[in-house]
Structure formats: structure tokens, C-alpha cells
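**Q** let me see the structure of the following:
(one chain, ligands or ions: 1)
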Amino acid sequence: MDPEQPLYHRLGGDEAITAVVDEFYERVLADDRLAPMFEETDMDALRAHQTQFISSVTGGPVDYTGADMHAAHQHLDVTHDQFALVATHLREALETFDVADEDVDTVMSVVGDLEAQIVTA
Ligand code: HEM
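**A** Residues are numbered from 1 along each chain as shown. Model prediction:
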């Protein structure tokens, strides 16, 4: 696909990112090491915010209306290991879809840069 396009469009826009996010949280919730963290969470609201978030950081025409990454995770005491597990589920969810390897790597590098805001344990 056209490398000049914003990553958002190369990923496939709203429909594809929504599908990636659904796949991602299916994997996260199927992981006993992570599922307890989401027990109190409204998953429909989280899926909607995560879809907005990934869309906006990849250059999509979408405003993210949730909390900033530090504020959203501070109360969870996320560990480095939990962060790595969640990141792996995101990578595997992206790889389930027809996303170019370098685009997967770009998303993962954006996400990796968030670790300092998300990991507070
Ligand atoms: C890997 C990078 C991550 C990204 C990009 C990310 C992104 C987000 C976003 C956009 C929200 C929504 C905030 C809102 O609705 O205001 C959120 C909430 C949440 N995240 Fe993450 N997150 C990441 C990692 C993690 C990790 C490692 C955990 C724990 C294992 C986690 C657990 C949660 C939970 C439980 C919520 C909902 C909090 C609540 O119900 O109030 N996230 N995250």
C-alpha cells in the first residue's frame, strides 16, 4: 500500500482498527495473568476509547476523548511484565490482520514510547 498515506489509512481506517482492537481485548481477557485487571472496566467504553486512541496516534481524523495515558493507568500499578504482555497481545492482534510488518513495527514503537507513562509499579 502507498507508504505516503497516514499509517491510519494503511492499517485500513476505522473498520480495520475497530477489528484489531476487538481481537486485542479478546486476547487480553483470555490471558489469566491480565484479565483480573479489567474486572471493573466497562469494556465497551474501553474498546471505543482504545479505537480512538490508536486512530489518533496513527494520524487518523479522530479525536481521542479519554484520559491521558498516565491518568488512565495510574491506579492500576501496572508492572513492566504486564506492559510487555499487553504489548505482545497487541502485536499478535495486528499480525492477525493484513498489516505490513513495518506498519506493525511502527505501531509497536509508538506504544513502546508510552511505557513510562503507563508502568507505575
Ligand atoms: C500497551 C499500551 C497501552 C495502551 C496504548 C493503553 C491504552 C488505554 C486507553 C486508551 C485506555 C482508555 C482510557 C480512558 O477510557 O479514559 C486505557 C484504559 C485501561 N487500560 Fe490501558 N493501555 C495500555 C496498556 C495497559 C496495560 C499494560 C494494562 C494492564 C495490564 C492496561 C489496563 C487498562 C485498564 C484496566 C483500563 C481501564 C481503566 C478503567 O476502567 O478506568 N492498559 N488504556
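**Q** in the chain, what residue comes closest to the ligand?
**A** Nearest residue of the chain to the ligand, counting by Cβ to the nearest ligand atom: Gly66, 2.9 Å away. Where C-beta positions appear, they are placed from N, C-alpha and C, glycine not excepted.
**Q** OK, contacts around that residue?
**A** Contact analysis of Gly66 by Cβ atoms under 8 Å, 6 or more residues apart in numbering lists His49, Gln52, Phe53, Ala72.
**Q** same check, this time on Ala121
**A** Asp77, Val78, Thr79, His80, Gln82.
**Q** quickly note the distance from it to Thr88.
**A** Distance of Ala121 to Thr88, computed by Cβ to Cβ, to the nearest Å: 18 Å.
**Q** can you check Val57 too?
**A** Counting by Cβ to Cβ, the gap from Val57 to Thr88 is 19 Å.
**Q** which of the residues in stretch 15-22 are buried?
**A** Using 16 or more other Cβ atoms under 10 Å as the test for burial, stretch 15-22 gives Ala16, Ile17, Thr18, Val20, Val21.
**Q** tell me the mean pLDDT for that stretch?
**A** Averaged over stretch 15-22, pLDDT sits at 98.
**Q** what about that stretch, near the ligand?
**A** No - using Cβ under 6 Å from any ligand atom, stretch 15-22 never reaches the ligand; the gap is at least 9.6 Å.
**Q** check stretch 80-89 too.
**A** Yes - Stretch 80-89 reaches the ligand (Cβ under 6 Å from any ligand atom) through Gln82, Phe83, Val86, Ala87.
**Q** farthest-separated two in these?
**A** Pairwise distances across those peak at 9.6 Å for Gln82 and Ala87 (criterion: Cβ to Cβ).
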